[in-house]
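Novice: Sequence and predicted model, in that order:
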Amino acid sequence: MTADPYVLIVDDEQPVRDVIGRMLARSGLRLRYATNADDALAEVYAHPPMVVVADVHMPGRSGLWLASQVQDISPRTAIVLASGDVELPSSETLR
């Protein structure tokens with residue numbers, strides 16, 4: 001982990017990033033943002049975050065793919081997956 005922990009918010013929709021960021025900023029957490037899984041992964045390689053909050057469905061690689069990569073690169077990073085998809089099995093979001 002970096003000496004300066006932060007939360008990485010990953011979502012392709014600016015309004016969603018803004019809402020999540022506003023909620024987390026209230027608790028004084030340092031935040032960084034990415035618009036897709038590839039950019040998020042580059043951020044994780046450069047400076048592993050304390051937590052990744054990621055949308056499941058994004059253009060390109062999914063949040064599930066990102067979660068798997070983050071677990072391999074930075075196993076101590078917590079991952080929160082968000083989705084409005086009611087069809088997504090809980091076994092995927094809770095793994």
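Specialist: Good, I have the coordinates.
Novice: what is the rounded mean pLDDT of the helix or strand hosting Ala67?
Specialist: Using DSSP states H and E, Ala67 maps to helix 63-73. On average, the pLDDT along helix 63-73 is 95.
Novice: Pull out the C-alpha coordinates of that helix and format them as PDB.
Specialist: In PDB, the C-alpha atoms belonging to helix 63-73 read as follows (Å, rounded to 0.1, in the frame of the first residue of the first chain):
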ATOM      1  CA  GLY A  63     -15.700  -4.400 -13.200                       C
ATOM      2  CA  LEU A  64     -15.600  -8.200 -12.500                       C
ATOM      3  CA  TRP A  65     -12.500  -8.400 -14.700                       C
ATOM      4  CA  LEU A  66     -11.000  -5.400 -12.900                       C
ATOM      5  CA  ALA A  67     -11.700  -7.000  -9.500                       C
ATOM      6  CA  SER A  68      -9.900 -10.200 -10.500                       C
ATOM      7  CA  GLN A  69      -6.900  -8.200 -11.700                       C
ATOM      8  CA  VAL A  70      -6.800  -6.100  -8.500                       C
ATOM      9  CA  GLN A  71      -6.900  -9.200  -6.300                       C
ATOM     10  CA  ASP A  72      -3.800 -10.500  -8.100                       C
ATOM     11  CA  ILE A  73      -1.800  -7.200  -8.000                       C
END
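Novice: What segments of the protein are helices?
Specialist: 14-25, 37-46, 63-73, 90-93 (DSSP state H).
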